[in-house]
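Novice: Next comes the sequence, and after it the predicted model I'd like to discuss.
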Amino acid sequence: MTARSVVTAAVLLALAPGLGLAATMGQFATDADLVAGDRASLYGGGRLLPPGLAPDRPAPYQFAFAAPVGDDLPGLPPEPAYDGPVDLAYGAYQRGAYEAAYEAALQQSARGDPRAETLIGELVERQLIAESRAGPALEWYRMAAESGEAFALNRYGMALLTSDEEADNEKGGVLVKQAAEAGDPLAQFNYGSLLIEQNPGKDGLKLALPWFEASAEADIADAQYALSQIYPALDDLPEEKKALWKFWLRRAADGDHDTAQLDLALALINGRGMPRDLEQGVDWLRRAALNGNPAAMSRLAYLYSQGIGVREDKETAATFYLSVRRLGLIEPDMEELVDGLDAETRTEAERRSRALAQRY
């Protein structure tokens, strides 16, 4: 678990105990028997269907550009001239040329460039360049942090927060705060989470709120989800701000935050705080389940077993239940369903469950 994951889990547990089981993932299952629909659409997501069944409706919000047959497309406007600095290392990194990025960053770091030092740290941390060749990522982050580079301040600070040494923890908190004050959105989320950890109860939520708001505006899904939990919990907020919990929950869900997708699904299915919409709720539950959320898998398995909001499908129910059972969650009713399957259906459910597990 990364340092950031530790803090993310801490804020989730502070806001909604029990949700720490869910980890945000960013991939859908791609087994052809599991998913049909527009997988490229982050909004529409994939749709879990029984084998061989086509979707009963298209995925929402698909757009296409069309021009009359035979007409030429309009020309593109000329690109404005650029005479600013060119960062060869980051340019290579963005193109996926990691070897070239490392070599360029190494040259730039020799001239004391903190951005280059940060980039080398990230290349090593992501295992794109071997640590045996470049040295520890933490050392590169430390050097860049000494120059005040915000991303490196956050990464190095978060690493120190996982240390067993109290002095390291204290220094780590200071560095994360500096990164947050410098405008790094991940650091703003992390610092807000630290404030909650250090100040239990609603006082901590109030202290963290402006940091989460800044991070959420920068599209950090963890911060958006945190706002969806904090706004209803603070009684002295203006009503118009409290009502924004739904907006931020939807933003986090659109950003593939699986716990937000689960919460949105349950709100729609139960009509909690928004109009009841079983179909949309089940769609969001599928997305959360396909993103590896165990609570969503468990609930979706039950819906398929009973035919609630979906066609009854014992094989698909077993697919999701077997996936969540690997995590040690046993449900007697679902055990009975799996035991009652014929050998061929059970084998296929196990195959589909293994395919799903490979995606998270």
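Specialist: That came in fine, so what should we check first? Just so it is clear, the structure is predicted and the values come from calculations on it, not from any experiment. Numbers count the residues shown, from 1 in each chain.
Novice: just for the protein, where's the confidence low?
Specialist: By pLDDT under 70, the low-scoring segments of the chain are 1-73, 82-85, 360.
Novice: any chance you could map the strands in it?
Specialist: 35-36, 47-48 (DSSP state E).
Novice: Could you report the separation of A216 from N154?
Specialist: Going from A216 to N154 by CB to CB, to the nearest Å gives 17 Å. Heads up, the C-betas are built off the backbone N, CA and C, glycines and all.
Novice: In stretch 97-112, which residues are buried?
Specialist: By 16 or more other CB atoms under 10 Å, the buried positions in stretch 97-112 come out as A101, Y102, A104, A105, L106, Q108, S109.
Novice: same question, stretch 185-195
Specialist: For stretch 185-195, a neighbour-count test (16+ other CB under 10 Å) marks P185, L186, A187, Q188, F189, N190, Y191, G192, S193, L194, L195 as buried.
Novice: With distance to G121 as added columns, please give those in TSV.
Specialist: Shown next, in TSV, are the buried residues of stretch 185-195 (distance: CB to CB, whole Å):
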residue	distance to G121
P185	18
L186	14
A187	15
Q188	20
F189	20
N190	17
Y191	20
G192	24
S193	22
L194	21
L195	26
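Novice: In helices, which of these appear?
Specialist: Residues of those located in helices (DSSP state H): P185, L186, A187, Q188, F189, N190, Y191, G192, S193, L194, L195.
Novice: okay but the fifth one is in contact with I220, surely?
Specialist: In this case it means F189. Yes - counting by CB atoms under 8 Å, I220 is a contact partner of F189 at 5.2 Å.
Novice: Phi, psi for the residue nearest to K202 when sequence neighbours are not counted please.
Specialist: Nearest residue to K202, sequence neighbours excluded (CB to CB, 6 or more residues apart in numbering): L234, at 6.3 Å. For L234, the backbone dihedrals (degrees, to the nearest 10) come out as phi -100, psi 110.
Novice: circling back: tell me which of the buried residues of stretch 97-112 fall in helices.
Specialist: When DSSP H defines the helices, the subset of the buried residues of stretch 97-112 inside them is A101, Y102, A104, A105, L106, Q108, S109.
Novice: ok, which pair from those residues is furthest apart?
Specialist: Spanning the widest gap among these are A101 and S109, at 11.9 Å by CB to CB.
Novice: For I269, which non-adjacent residue is spatially closest?
Specialist: Among residues not flanking I269 along the chain, G281 sits closest, at 3.6 Å (CB to CB, 6+ apart).
Novice: cool, and L322?
Specialist: In space, L322 is closest to S353, 4.0 Å off (CB to CB, 6+ apart).
Novice: The closest residue to R250 other than its chain neighbours - how many residues pack around it?
Specialist: For R250, ignoring the flanking residues on the chain, the nearest one in space by CB to CB, 6+ apart is L264 at 6.4 Å. L264: 26 surrounding residues under other CB atoms under 10 Å.
Novice: right, and L264 touches W284 too?
Specialist: Yes - look at L264 against W284 with CB under 8 Å: they come within range, at 5.0 Å.
Novice: list residues touching both of those two?
Specialist: A253 (CB atoms under 8 Å, 6 or more residues apart in numbering).
Novice: Got the phi and psi for I129?
Specialist: Backbone torsions of I129, given as degrees, to the nearest 10, read phi -130, psi 140.
Novice: Give the burial count for it, as a bare number.
Specialist: I129: 22 surrounding residues under other CB under 10 Å.
Novice: give the contact list for it.
Specialist: By CB under 8 Å, 6+ apart, the contact set of I129 is Y98, E99, Y102, I120, L123.
Novice: Would you mind measuring from the second one to W140?
Specialist: Looking back up the chat, that one is E99. Counting by CB to CB - E99 and W140 are separated by 17 Å.
Novice: next one: the first one
Specialist: Using CB to CB, one gets 15 Å for the distance from Y98 to W140.
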